[in-house]
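**Q** here you go, sequence then predicted model.
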Amino acid sequence: MTQILSPLPGTFYRKPSPDEAPYKSEGDSVAVGDVIGLIEVMKSFHEVRAEAGGTIKSFAVENEDPVTAGQLLAELEG
């Protein structure tokens, strides 16, 4: 099991914009470098990228949830 952690505090977004599909959903395959979400800090958006490949088992936070640095965002299997 691999964990994807928040690199910084802010608001986590699973979608690039409100009317678009999520970057990744549970059960989706993820390759190294794939974007799984965004962290917004003071109107700046930072991509959260997977550092390992696998399949998304679960997200630990919902779209638009506040997060802290080092907080678990998602878990990967494989």
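**A** Noted; the coordinates are in hand.
**Q** count of neighbours near residue 67?
**A** 21 (other C-beta atoms under 10 Å). Where you see a C-beta, it was placed from the backbone N, CA and C, and this is true even at glycine.
**Q** per-residue confidence for it?
**A** Here the pLDDT value assigned to residue 67 is 98.
**Q** kindly report the same for residue 13.
**A** 98.
**Q** so what's it up against?
**A** 37-40, 45, 63-64 (C-beta atoms under 8 Å, 6 or more residues apart in numbering).
**Q** show me which of these are buried.
**A** 37-39 (16 or more other C-beta atoms under 10 Å).
**Q** what about residue 3, neighbour count?
**A** Counted by other C-beta under 10 Å, the residues lying close to residue 3 total 12.
**Q** is it in contact with residue 72, as I believe?
**A** Yes: using C-beta atoms under 8 Å, residue 3 makes contact with residue 72 at a distance of 5.6 Å.
**Q** distance from the centroid: which residue in this structure tops it?
**A** Going by C-alpha atoms, centre = their mean, the residue of the chain most distant from its centre is residue 42, 18.1 Å out.
**Q** how near is that one to residue 62?
**A** Residue 42 sits at a distance of 21 Å from residue 62 (criterion: C-beta to C-beta, to the nearest Å).
**Q** ok, now residue 29?
**A** Here the criterion is C-beta to C-beta. By it, residue 29 lies 22 Å from residue 62.
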